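Chemist: Return a 3D structure for these sequence lines:
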Amino acid sequence: MSTVRTVGLPDVVPAPGAGRDAVEIWEVSPRDGLQAESTRLDADTKVALIQRLAAVGARIIEAGSFVRPDRVPQMADSAEVLQRVSTLPVRTPVLVPNLRGYDLARAAGAEDIAVFLSVTESFSQQNLGASRERMEESAQAVVARAIADGVRVRGYLSMVFGDPWEGPVSTAEVVRLAATMRSWGIHHLSLGDTIGVATPGQVRSIVRALVADGIPLPGIALHMHDTYGMAAANVYAGLEEGVRVFDASAGGVGGCPFAKSATGNLATDDLVWMLEGLGIRTGIDLDGLVETSAWLTRELGKAPTSRVATALTR
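Modeler: This next block holds a predicted model:
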């Protein structure tokens, strides 16, 4: 049985411009994490995961994805999971790719959804088997329905920092798509480093380009992957630029099932450790989170990729 060694954090040195209690963490392990894992967990285990995450202080927890089960079988039971966690005092957004997915999500009680677009054509084809143009049309239709229904909507942009098929990504195209999504009524946009190739300089450059185009900092989130070990450094660069919303996955589980070379998400454990060390309170109990990460990775039959979870769990 794994136990957590409680290790006190050293005296903090705040990040430039970072205030206390200023960061919002989107916990994505039940959706973005599990959809990329080869081991499929049942609904009972997914519900237990969300309950555990809520108990340690996570307040926004992605509960699932209403995509085609033949393409992402790990998410086939998202309706059941969403219904079973509906009484928890947390937000449980779900991903929807089109109006059919939206209708299924709403039937399951969804009040909080996300849509996503790819900055590159290649990933759009690989991820959903549809062109960027078609996906923009589908996403816009979903957003219009959601806004009319009073449903919260988040936007994801994938392949913001680099693409395994197309290489470097145009910052101008990132800005164009971000502006397009805002014109639909989306006011919260997560920038995805889908294959984990971003560097702090790229993060600064893209955040500054978006702000210069009129996108407010409170509407920008970062979704980092740790393929090259740069996720924490990229978060720090985002903090310096004023970003205060970050996506992360307990234990670092997941990646992207459709992107070559994409490995684990930024681990929530590592993110919380870094933020707390900077004097930025997250509201998440780190010891409890590490226990949850250890439990989750045991269920998946793998070791956590989180350095903090590995260090504190024996």
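Chemist: Name the nearest residue to Tyr156, sequence neighbours excluded.
Modeler: With C-beta to C-beta, 6 or more residues apart in numbering as the criterion, Tyr156 has its nearest non-adjacent residue at 3.5 Å, and that residue is Phe116. Bear in mind the C-beta positions are built from the backbone N, C-alpha and C, glycine included.
Chemist: Which of the helices or strands spans the one you found?
Modeler: If you go by DSSP states H and E, Phe116 is part of strand 112-118.
Chemist: all helices of the stretch 51-200 of the chain, in order?
Modeler: With helices called from DSSP state H, counting those that start in this stretch, the stretch 51-200 of the chain shows them at 78-84, 99-107, 121-128, 132-149, 171-184, 200-212.
Chemist: ok, of those helices, where does mean pLDDT dip lowest?
Modeler: Lowest mean pLDDT within those: helix 121-128, at a mean of 69.
Chemist: Number of residues surrounding Gly150?
Modeler: 7 (other C-beta atoms under 10 Å).
Chemist: center of this protein - which residue?
Modeler: In the chain, the residue lying closest to the centroid (C-alpha atoms, centre = their mean) is Asp247, at 3.9 Å.
Chemist: Grab the nearest non-local neighbour of that residue.
Modeler: Asp247 sits nearest to His223 (C-beta to C-beta, 6+ apart), 4.0 Å away.
Chemist: How about residues contacting the strand holding Phe116?
Modeler: With C-beta atoms under 8 Å, 6 or more residues apart in numbering as the test, strand 112-118 has contacts from 62, 91-97, 102, 105, 124, 127, 132, 135-136, 139, 142-143, 146, 151-159, 177, 181, 186, 190, 192.
Chemist: how far is it from where the chain is centred?
Modeler: 11 Å (C-alpha atoms, centre = their mean, to the nearest Å).
Chemist: Mean pLDDT per helix and strand in this structure: which one sits at the bottom?
Modeler: helix 121-128 (a mean of 69; mean pLDDT, DSSP states H and E).
Chemist: all strands for this structure, in order.
Modeler: Using DSSP state E, the strands of the chain run over 24-27, 64-65, 94-95, 112-118, 152-158, 189-192, 220-223, 245-248.
Chemist: Show me what the first one is packed against.
Modeler: Going back to what we said before, that points to strand 24-27. If contacts are counted by 3 or more C-beta pairs under 8 Å, 6 or more residues apart in numbering; DSSP states H and E, strand 24-27 sits against strand 245-248, helix 268-277.
Chemist: So which of those is nearest Val23?
Modeler: Nearest to Val23 among the helices and strands packed on strand 24-27 is helix 268-277 (5.8 Å), distances taken as C-beta to C-beta.
Chemist: Can you name every helix or strand that the closest one contacts?
Modeler: Using 3+ C-beta pairs under 8 Å, 6+ apart, helix 268-277 sits against strand 24-27, helix 231-241, strand 245-248, helix 286-300, helix 307-312.
Chemist: quick one: the fourth one to helix 268-277, angle?
Modeler: Here helix 286-300 points in a direction 170 degrees away from that of helix 268-277 (axes from the mean of the first three to the mean of the last three C-alpha atoms, to 10 degrees).
Chemist: List the buried residues in helix 286-300.
Modeler: 286, 288-297, 299-300 (16 or more other C-beta atoms under 10 Å).
Chemist: pLDDT and distance to Ala212 for these - can I get that in TSV?
Modeler: Shown next, in TSV, are the buried residues of helix 286-300 (pLDDT from 0 to 100; distance: C-beta to C-beta, whole Å):
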residue	pLDDT	distance to Ala212
Leu286	96	36
Gly288	97	40
Leu289	97	36
Val290	96	39
Glu291	96	43
Thr292	97	39
Ser293	96	38
Ala294	95	43
Trp295	97	44
Leu296	97	40
Thr297	93	41
Glu299	96	44
Leu300	94	42
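Chemist: Just give me the closest of those residues to Arg71.
Modeler: Arg71 has its nearest neighbour among those in Leu300, at 20.2 Å by C-beta to C-beta.
Chemist: Quick check: that closest one touching Ala250?
Modeler: No. Using C-beta atoms under 8 Å, Leu300 makes no contact with Ala250, being 11.0 Å away.
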